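**Q** this is the structure alone, sequence omitted:
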């Protein structure tokens, strides 16, 4: 059942970390997060391994709500990533955002229901920009969008998502292949969910 949502900025203190980052600092209104080397989220598919060490700062995401994060980062190493993490439990979660892979910046999502999948598309023009990632939760689906702040967002994923499950979501950082990835989060917002995918 959907809930009436009043748009608001979420305070960084409202979230809880899924796994503690290497460092967290406040710079004015910004949250500066440094990832632990080897952090990631992936479950079983294709690679023969599991990772459950992502840094997700999560707060409740009810049906009918959308959540957005805005951030900047210098992505330079394989699988550097940031965006939004949506969690139901250890085997049901979604991450959407940007990721540096094979020398190119991509935008996409990993949707996990006991096994992970991955969809990604190249977004080289997003590099060095302030990026916004938005997830919108419907009765039976989640919609992931992203773009450069001030420009139209593009659809990154529409995926099934259990409307009866309790879920929480928020900023995500992970650095599977290196130490020292730092992401600056500028905004964390909650609003009414999207009514259309177009």
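**A** Cool, the structure landed. Only a predicted model underlies this, so the values are computations on that prediction, with no experimental measurement involved.
**Q** okay, the residue nearest the centre of the chain and residue 48: tell me how far apart.
**A** When CA atoms, centre = their mean is applied to the chain, the residue found nearest the centroid is residue 84 (1.4 Å). Applying CB to CB, to the nearest Å, the value for residue 84 to residue 48 is 27 Å. C-betas here are computed from N, CA, C, even on glycine.
**Q** do the same with residue 157
**A** Plainly put, residue 157 is 24 Å away from residue 48 if you go by CB to CB.
**Q** and residue 101, how close does it get to residue 51?
**A** Residue 101 is 15 Å from residue 51, by CB to CB.
**Q** pull up the pairing partners for the helix or strand harbouring residue 185, direction included.
**A** Per DSSP states H and E, residue 185 falls inside strand 182-192. For strand 182-192, the paired strands and their directions (DSSP bridges) read strand 8-9 (antiparallel), strand 30-34 (antiparallel), strand 65-73 (antiparallel).
**Q** looking at the chain, which helix or strand is least sure?
**A** strand 50-52 (a mean of 89; mean pLDDT, DSSP states H and E).
**Q** who touches the following helix or strand past that one?
**A** With elements assigned by DSSP H and E, the helix or strand that comes after strand 50-52 is strand 55-60. Applying CB atoms under 8 Å, 6 or more residues apart in numbering, the contact partners of strand 55-60 are 10, 12, 14-21, 31, 33, 35-36, 39, 41, 85-87, 95, 166-174, 188, 190.
**Q** now strand 55-60, how far from the chain's geometric center?
**A** 9 Å (CA atoms, centre = their mean, to the nearest Å).
**Q** can you pull the buried residues of that strand?
**A** 55-59 (16 or more other CB atoms under 10 Å).
**Q** which residues touch the least confident helix or strand of the chain?
**A** Outside strand 50-52, the residues within contact range by CB under 8 Å, 6+ apart are 19, 39-44, 90, 176.
**Q** stretch 120-134 now?
**A** With CB under 8 Å, 6+ apart as the criterion, stretch 120-134 contacts 66-72, 74-75, 82-84, 96-99, 101, 104-108, 144-149, 153, 156, 186-187, 194.
**Q** and those, which are buried?
**A** Applying 16+ other CB under 10 Å to these flags 66-72, 75, 82-84, 96-99, 101, 105-108, 144-148, 153, 156, 186-187, 194 as buried.
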